[in-house]
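Student: with the input below, show me the fold.
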Amino acid sequence: MCTFQGEHAVLVCPVASDQVCARLREVFGDLVQCSTREEQGTLIRVPSSIDPTRFQAVTREAIAAAQAASPHPVGA
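Tutor: Model prediction:
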């Protein structure tokens with residue numbers, strides 16, 4: 001499960017965290033901070049200078065792509 005935590009942060013499930021973090025870094029560069037949270041997934045944050053609508057759209061696309069590629073989709 002992935003949960004947005006405000007306009008500039010998202011907690012990403014372990015299944016998708018590596019792929020989502022990599023995709024966001026492709027788009028936003030070194031501004032992306034990825035911090036693993038024990039048994040929760042990865043907290044991904046960007047500074048407030050990043051357009052929140054674009055951040056959330058790119059994040060949703062990356063999450064969907066990661067889940068589609070996973071051999072163990074969420075909810076299965």
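Student: from here on, just use CA atoms for contacts and neighbour counts.
Tutor: OK.
Student: packing partners for whichever strand or helix holds residue 59?
Tutor: For residue 59, the element it lies in under DSSP states H and E is helix 52-69. Contacts defined by 3 or more CA pairs under 8 Å, 6 or more residues apart in numbering; DSSP states H and E place helix 52-69 against helix 17-28.
Student: show me what secondary structure element comes after the helix it packs on.
Tutor: strand 33-37.
Student: need the residues that contact that following strand.
Tutor: Strand 33-37 is contacted from outside by 21, 42-46, using CA atoms under 8 Å, 6 or more residues apart in numbering.
Student: now the two most distant members of the residues you listed.
Tutor: Greatest spacing in these, by CA to CA: 42 and 46 (13.2 Å).
Student: for this structure, give me the ranges with low pLDDT.
Tutor: Along the chain, segments meeting pLDDT under 70 span 1, 71-76.
Student: so can I have CSV of the contacts of strand 33-37 showing distance to residue 58 and secondary structure?
Tutor: CSV is the format used below for the contacts of strand 33-37 (distance: CA to CA, whole Å; DSSP: H, G, I helix; E, B strand; the rest coil):
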residue, distance to residue 58, secondary structure
21, 11, helix
42, 16, strand
43, 15, strand
44, 12, strand
45, 13, strand
46, 12, coil
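Student: adding neighbour count, write those out as a markdown table.
Tutor: Shown next, in a markdown table, are the contacts of strand 33-37 (neighbours: other CA atoms under 10 Å):
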| residue | neighbour count |
| --- | --- |
| 21 | 22 |
| 42 | 23 |
| 43 | 21 |
| 44 | 22 |
| 45 | 22 |
| 46 | 22 |
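Student: so which of those comes closest to residue 32?
Tutor: Of the contacts of strand 33-37, the one sitting nearest to residue 32 (CA to CA) turns out to be residue 46, at 5.0 Å.
Student: so that closest one makes contact with residue 31?
Tutor: Yes: applying CA atoms under 8 Å, one finds residue 46 in contact with residue 31, separated by 5.8 Å.
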